[in-house]
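Student: Sequence below, structure please.
(2 chains)
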Amino acid sequence: MTDVPVYRPAEGEIRVEGLTKHFKTVRAVDDLTFTVAPGRVTGFLGPNGAGKTTTLRLLLGLATPDAGTATIGGIAYDRRPRPAHHVGAALESASVHPGRTARDHLRVYAPEVGVTDGRCDEVLAMVGLTAAANRRVGGFSMGMRQRLALAATLLGDPQVLLLDEPANGLDPEGIVWLRQFLRYLAEQGRTVLVSSHVLSEVEQTVDDVVIIASGRLVRACSLRDLEAQARPAVRLRSPDAPGLARLIEQAGWTVDAESPTTVVIHDQSQETVGRLAFHHGLEVHDLSAAGTSLESLFLELTHPGAQS
Amino acid sequence: MNAALRTEWRKIATTRLWWVTALVMLAYMLVMGAVMALSFAFGSEASTMPGGEPMALDPRDIASSVYTLAVALGYIFPAILGALTVTAEFRHRTITPTLLAQPRRSLVLGAKLAVVLPYALAVSVAGVVGTLLGGASALAIMGEPTFLADAAMWRTIAMSVVALALWSLVGVGFGSVLTNQVAAIVVLLVFTQFVEPLLRILLAQFAVTETASKFLPGAAGEAIAGSSLYVSSGLADLLPAWQGVLVLLGYAVVLVVVGRLTTFRRDIG
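Tutor: Okay, the predicted model is just below:
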């Protein structure tokens, strides 16, 4: 991957139209329509059970939709003669035979992907597993398994990457690494679709978001548009619990109480909260931007009936 | 097609299953061969005693029954090897990457059938070698003729390897129908070691059902080898070898088709 490949954007577009899938009485995916653009990292977001994995399975021909279409570069995945050359996918439901070494796991699929054993070593190096190449996967940590799954998706040097919860089980260092790696891949013109059930996990990585809940599309836009919609939140901590409660009541704020002495105040700026606290003579130990504003918007969008 | 074959080949080559199966079968058949040869040898001595039940066993039948014991008792090993090529994919959830690399599911199943055969052949040879080692040495020790210089006997031995290897195809079919690995192994064990032997004895009791007993899979396997414990003990006849091949392949085909239309048509993941 020293040469930056030249991709035709149309080949990298993921297009989902009217996609519907039932499981018995449950509508796992419900008339879902969205597109994913090449050259960008797109977060495919929703709470657990929202239908993310089902959508990916439908995109990859592992399941058959009841209605609608899902194509990558204009063609259904299972219609391509060598799909792994064009699309690299790692699903959460996939796993590895514990008796195989990491290298053998990749070597097994290499003929079908159409690559040499040398390429297996290359992708192992890319994900930092060279030292563990000849170890049996049975002894791997979750993070190492994630890296191996990512390596497998890269075997065919695909233009499109579909990754199901790739950050699960990664340590903080691994998450930073993954973030940089995905950005690097997208900058080469590849399409990168990353699913996650926590927005904050991918917040610093993605350009676009596709948010679904209960199988339905909630929002498909750029992260910037979503951020514009997110209202600020402020964390306020005071040793004076009664005073804090009085202030909140008088100001009429919506808050999440983290403890009697610490609250997260929604829809307010640090300036407003600081000024009012000063006027009330409240002793303040912490007055900081609560970085969860986007996350709370996400929760709001995906849990419309969370109160009930 | 070539790529699918290479992928399936590597799947078996990169795990320990096939050679562990071969070693276990060799050891098992070694013991069973020896035990059976000894019991036959003692049995024929007993039959010469006055007042004893006359035994219809001639030394040649004894030898061939012992040497084909792998087909009569050991076919569970290649059958399990075959079944595990499919069930392991579901147990270890590798079916997802498998179908991502090759979405044409018939091709995946076909490649499994083609690739399991050479491995099953190796396992079968190990099993038959074990039978010969155990059986022939026990016969020799007991002073019975071993018939190891007999070309016809070697033909029977060779055909028993063929029969065993074909069992792996039945196994692939069975595994594609019943993908739960533990359940598949248990059902295979119960059927081959208990249900079929019992059925063969029961069906052989009545003229009407005796023919049916020849078409049981185990009986078909023994027909390929052309020799059987059941025949030697006068319980039932066998089909001609070529019909045995067809019957056993028939079981494989039916199971594979059912597996293709159920397991390999369903949603995966």
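Student: make it CA atoms for all contacts and neighbour counts henceforth
Tutor: Fine.
Student: which non-adjacent residue is nearest the closest residue to chain A within the stretch 101-250 of chain B?
Tutor: Closest residue of the stretch 101-250 of chain B to chain A, CA to the nearest CA: B:Pro103 (5.3 Å). Excluding the flanking residues, the one nearest B:Pro103 by CA to CA, 6 or more residues apart in numbering or on different chains is A:Asp78, at 5.3 Å.
Student: Please work out how many residues are found near that neighbour.
Tutor: Using other CA atoms under 10 Å in any protein chain shown, A:Asp78 has 19 other residues around it.
Student: Was I right to think it contacts B:Arg104?
Tutor: Yes: at 7.4 Å, A:Asp78 counts as touching B:Arg104 under the criterion of CA atoms under 8 Å.
Student: circling back to that earlier point, how about the contacts made by the residue of the stretch 101-250 of chain B closest to chain A?
Tutor: Going by CA atoms under 8 Å, 6 or more residues apart in numbering or on different chains, B:Pro103 touches A:61-62, A:78.
Student: What pLDDT is listed against it?
Tutor: With respect to pLDDT, B:Pro103 scores 96.
Student: Quick check: phi and psi at it.
Tutor: phi -70, psi -20 (degrees, to the nearest 10).
Student: all helices for the chain, in order.
Tutor: I'll assume chain A. A:9-12, A:52-59, A:83-86, A:102-113, A:117-126, A:142-154, A:172-187, A:199-202, A:223-229, A:241-251, A:270-279, A:293-302 (DSSP state H).
Student: I was thinking of chain B, sorry if that wasn't clear
Tutor: Going by DSSP H, chain B shows helices at B:2-13, B:17-47, B:59-67, B:69-73, B:76-91, B:95-101, B:105-141, B:151-177, B:181-190, B:196-203, B:207-214, B:217-225, B:229-232, B:241-261.
Student: Can you give the distance of stretch A:161-169 from its chain's centre?
Tutor: The chain centre lies 7 Å from the centre of stretch A:161-169; the measure is CA atoms, centre = their mean, to the nearest Å.
Student: mind exporting it as PDB, just the C-alpha atoms?
Tutor: In PDB, the C-alpha atoms belonging to stretch A:161-169 read as follows (Å, rounded to 0.1, in the frame of the first residue of the first chain):
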ATOM      1  CA  LEU A 161     -14.400  -1.400   4.200                       C
ATOM      2  CA  LEU A 162     -17.300  -2.400   6.300                       C
ATOM      3  CA  LEU A 163     -16.400  -2.800   9.900                       C
ATOM      4  CA  ASP A 164     -18.800  -4.000  12.600                       C
ATOM      5  CA  GLU A 165     -17.900  -2.500  16.000                       C
ATOM      6  CA  PRO A 166     -14.200  -2.600  15.300                       C
ATOM      7  CA  ALA A 167     -13.300  -0.700  18.500                       C
ATOM      8  CA  ASN A 168     -14.900  -3.300  20.800                       C
ATOM      9  CA  GLY A 169     -12.300  -4.800  23.000                       C
END
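Student: In it, which residues are buried?
Tutor: A:161-167 (16 or more other CA atoms under 10 Å in any protein chain shown).
Student: Closest to B:Asp267 out of these?
Tutor: Distance to B:Asp267 across these (CA to CA) is lowest for A:Asp164, with 17.5 Å.
Student: Give me the nearest residue to whichever residue of the stretch 1-150 of chain A sits closest to chain B, chain neighbours excluded.
Tutor: Residue of the stretch 1-150 of chain A nearest chain B, by CA to the nearest CA: A:Ala63 (4.2 Å). Nearest residue to A:Ala63, sequence neighbours excluded (CA to CA, 6+ apart): B:Asp267, at 4.2 Å.
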